[in-house]
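Asker: can you look at this prediction? I've put the sequence above it.
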Amino acid sequence: MTGALALRAAAEQQASTLPPLLAAAEQLASTVILGDHGRRRAGTGDTFWQYRPAQSTDHARSIDWRRSARSDVSFVQDKEWQIAQSVMLWVDLGASMRFASTDKLPEKATVARTLALACAILLIRGGERVGLTGNDLPARRGTAQITQMANLLARDDAADYALPDARGMAPHSRAVFISDFMGDVTGVQDALTRAADNGVRGALVQILDPQEEAFPFDGRTIFESMTGALRHETLKAGDLRNRYLDRLAARKDHLTQLARTTGWQFSTHHTGAPATQALLWLYQSLAQPA
């Protein structure tokens, strides 16, 4: 429980100390309906959208007599259709996410979980329903949902790499997958395809340690997974650099193409960079119309 409370505190702090993001969220809330992420259309609601000529099916009480007095045509007010959007989050809890190259950098898991919770806090403040994919936490509103989410995200997976869980996503909702995406990419492809088939759009956020981008190894080196299940020793680590960087670039390109094909968006965030950048990108990505 202590770990979950600390995780939520970190996420609350992250969300509350992001002036650019909060300014963008306030601007968005003042111009569009946050719950529908800017997809303006006529329907049931309280916010004025536009005037339109009255039709025979409109009730007399719907006519805006003040606007109609300035024309030979009767006008009615269209209201914006408002419905809270469900946003489902999947955060990689696999052991690979517990990697940090130095004591001065946070673990990838800490960054991923804090980012997910900060995003959830902002979405719930905007009236959204937020949950976790799978069957553990259906989408709901309210601060109690954040506490429940923090409890579930505080757990660790025993396996080195976890696969995205596409269950529990309502048709035409939004979703966020946060991971290092260093495991089997087939699982990501399957999850995105399943989501796209249900009209779900969202964002992939890849979390990497700077060392995973630079591959600063040379000479005799032992590479070992976080669980110790995978191990490779080499006397010439420098000879592996180009091949590793090529495969990393290919993985990013594959993820980019998967996102583009399924209507998602993809971005990479490094644990040494301010989390503000990733949170702003993520929130704006969710605000894009489907």
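Answerer: Now that the structure is in, tell me what you want to look at.

Asker: which residue is nearest the centroid of the protein?
Answerer: Relative to the mean C-alpha position of the chain, the nearest C-alpha, by C-alpha atoms, centre = their mean, is the one of residue 176, at 3.3 Å.

Asker: helix, strand, or coil at it?
Answerer: Reducing the assignment at residue 176 to three states with DSSP: H, G, I helix; E, B strand; the rest coil gives strand.

Asker: all strands for the stretch 101-250 of the chain, in order.
Answerer: In the stretch 101-250 of the chain, strands defined by DSSP state E, counting those that start in this stretch lie at 129-132, 137-140, 174-179, 201-208, 221-224, 231-234, listed in chain order.

Asker: wait, which of the ones you listed is closest to residue 263?
Answerer: Relative to residue 263, the nearest member of those by C-beta to C-beta is strand 201-208, separated by 4.8 Å. C-beta: built from backbone N, CA, C; applies to glycine.

Asker: for the closest one, give the mean pLDDT please.
Answerer: Summarised as a single mean, pLDDT over strand 201-208 is 96.

Asker: quick revisit: the residue nearest to the centre of the chain and residue 257: what is the separation?
Answerer: With distances defined as C-beta to C-beta, to the nearest Å, the gap from residue 176 to residue 257 amounts to 19 Å.

Asker: ok, now residue 127?
Answerer: Counting by C-beta to C-beta, the gap from residue 127 to residue 257 is 34 Å.

Asker: those two: which is more packed in?
Answerer: residue 127 (15 against 12; other C-beta atoms under 10 Å).

Asker: which residue ranges form the helices in this protein?
Answerer: All helices of the chain, identified by DSSP state H, fall at 2-16, 19-31, 65-68, 108-125, 143-153, 185-197, 210-214, 241-262, 275-286.

Asker: this completes my enquiry, with thanks.
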